[in-house]
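In: Sharing a model that was predicted from the sequence below.
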Amino acid sequence: MAWRAALRSKAVIPALLSCSSHGRLCASPTFITQRNNSTSPKIKVDYDQTTGVAVMHMQSPPVNSLSLDFLTELCISLEKLEMDKGCRGLIITSNQPKVFSAGLDILEMYGKSPEHCGEFWKVVQEMWLKLYGSNMVTIAAINGSSPAGGCLLSLTCDYRIMADNPLYSIGLNETQLGIVAPFWFKETMVNTVGHRNTEVALQLGLLYKPAEALKIGLVDQLVPEDQVFSVATQTMTKWLTIPEHARQITKSMMRNPTIDKLRTNREADIQNFVSFITKESIQKSLRMYMEMLKQRKA
Ligand SMILES: CCCCC/C=C\CCCC/C=C/C(=O)SCCNC(=O)CCNC(=O)[C@H](O)C(C)(C)COP(=O)(O)OP(=O)(O)OC[C@H]1O[C@@H](n2cnc3c(N)ncnc32)[C@H](O)[C@@H]1OP(=O)(O)O
């Protein structure tokens with residue numbers, strides 16, 4: 001398809017892909033294997049025109065990590081759906097077993113140039129701006145673990161349904177990697193679970209089991225694993241009965257103060273991210289975290 005070719009050539013959404021120079025170079029990776037950049041789609045969108053509901057299946061093995069290519073594809077799909085006035089609802093789910101999304105792709109932040117980090121952060125911002133500000137009803141059908149950026153992705157949605165499986169966890173665990181959730185991650189969480197829950201969760205980098213996540217309101221509903229998608233579909237039908245305009249204005253009223261704060265500070269936020277993430281000490285923390293992930297597997 002034409003848009004996929006454009007995606008590969010990075011000719012689409014130029015605003016996403018341009019970035020100013022930031023001066024410093026990150027340390028080179030010494031041990032991490034770069035995965036092949038697959039050209040197969042990382043997201044499959046099924047859009048049912050009769051119901052006006054689209055389903056976005058994340059299908060980027062092994063763990064749906066949010067890489068630059070993944071996020072660019074996500075943004076393009078979102079833009080297309082948002083522009084289609086017949087599309088009123090979006091369900092986001094995973095086609096990968098046991099994982100909704102492992103969050104931001106650490107390999108996009110480790111051993112990369114400041115220019116690359118800036119380009120990456122811009123598309124992370126874009127994904128958040130598009131989803132948190134979407135006119136569609138958005139539902140996260142969380143059928144696996146969802147740490148950090150994966151949790152953020154689900155927090156941008158209007159409603160979260162999670163598989164009731166104690167093997168799964170969800171939360172903003174950034175501090176455990178030695179990094180800091182930026183203000184708009186933090187505010188999205190505050191807007192969902194309140195100030196005190198967010199403060200504890202973020203300082204400790206807590207990952208919650210589904211039952212705990214439900215208790216603090218990080219997810220809205222737990223259901224047996226095999227019912228996550230059907231319950232999401234039923235919930236969507238209910239949400240779509242509310243008069244569209246009234247619901248959309250209400251959503252904007254709730255979310256715009258946070259959205260506007262990022263919109264007006266995008267470049268500063270990118271500079272902030274780049275100077276933080278390229279620090280030697282932060283690069284070291286990321287390396288140790290990746291090593292820990294590999295050791296845990298061995
Ligand atoms: C002061 C102002 C500050 C301003 C801003 C500054 C800072 C920046 C903030 C950045 C915000 C960052 C957000 C993030 O999202 S960071 C990513 C955090 N993610 C995680 O911690 C999740 C790590 N992964 C896991 O816990 C597990 O992989 C799992 C998702 C629970 C799945 O477990 P399992 O099924 O057992 O899979 P494996 O652990 O074996 O993983 C398979 C392979 O995938 C690799 N992997 C996993 N996660 C990631 C990731 N996020 N990015 C890249 N790669 C990942 C893993 O290493 C395995 O690779 P291998 O097969 O090559 O060994």
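Out: Received the coordinates, thanks.
In: all contacts plus neighbour counts: C-alpha atoms, from now on.
Out: OK.
In: what does the chain have sitting close to the ligand?
Out: With the criterion set to C-alpha under 6 Å from any ligand atom, the chain comes near the ligand through 62-63, 65, 99, 102-107, 145, 147-149, 174, 179-182, 272-273, 276-277, 290, 293-294, 297.
In: Quick check: ChimeraX command selecting the buried ones in those residues.
Out: Here is the ChimeraX command that selects the buried residues among the residues of the chain next to the ligand (16 or more other C-alpha atoms under 10 Å):
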select :63,65,99,102,103,104,105,106,107,145,147,148,149,174,179,180,181,273,277,290
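In: where exactly do the helices run in this protein?
Out: 2-9, 14-17, 68-83, 114-132, 149-155, 183-193, 195-204, 210-216, 228-239, 244-263, 266-277, 280-297 (DSSP state H).
In: just the ones you listed: most buried one?
Out: Ranked by mean neighbour count, the helices of the chain are led by helix 149-155 with a mean of 25 (mean count of other C-alpha atoms under 10 Å).
In: Dump that helix to PDB, keeping only the CA atoms.
Out: Coordinates of the C-alpha atoms in helix 149-155 are reproduced here as PDB (Å, rounded to 0.1, in the frame of the first residue of the first chain):
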ATOM      1  CA  GLY A 149       4.900   3.200  27.800                       C
ATOM      2  CA  GLY A 150       2.400   0.200  27.500                       C
ATOM      3  CA  CYS A 151       0.600   1.400  30.500                       C
ATOM      4  CA  LEU A 152       0.700   5.000  29.200                       C
ATOM      5  CA  LEU A 153      -0.900   3.700  25.900                       C
ATOM      6  CA  SER A 154      -3.800   2.200  27.800                       C
ATOM      7  CA  LEU A 155      -4.100   5.300  30.000                       C
END
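In: For that helix, give the mean pLDDT please.
Out: Across helix 149-155, pLDDT averages out at 98.
In: ok, now stretch 57-64?
Out: 98.
In: Identify each buried residue in that stretch, please.
Out: 57-60, 63-64.
In: Out of those, which two sit at the greatest distance?
Out: His57 and Val63 (12.7 Å; C-alpha to C-alpha).
In: Need the residues touching each of the two.
Out: Common contact partners of His57 and Val63 (C-alpha atoms under 8 Å, 6 or more residues apart in numbering): none.
In: Can you give me every residue that contacts the residue nearest the centre of the chain?
Out: Central residue of the chain (C-alpha atoms, centre = their mean): Leu153, 3.1 Å from the mean position. By C-alpha under 8 Å, 6+ apart, the residues touching Leu153 are Trp128.
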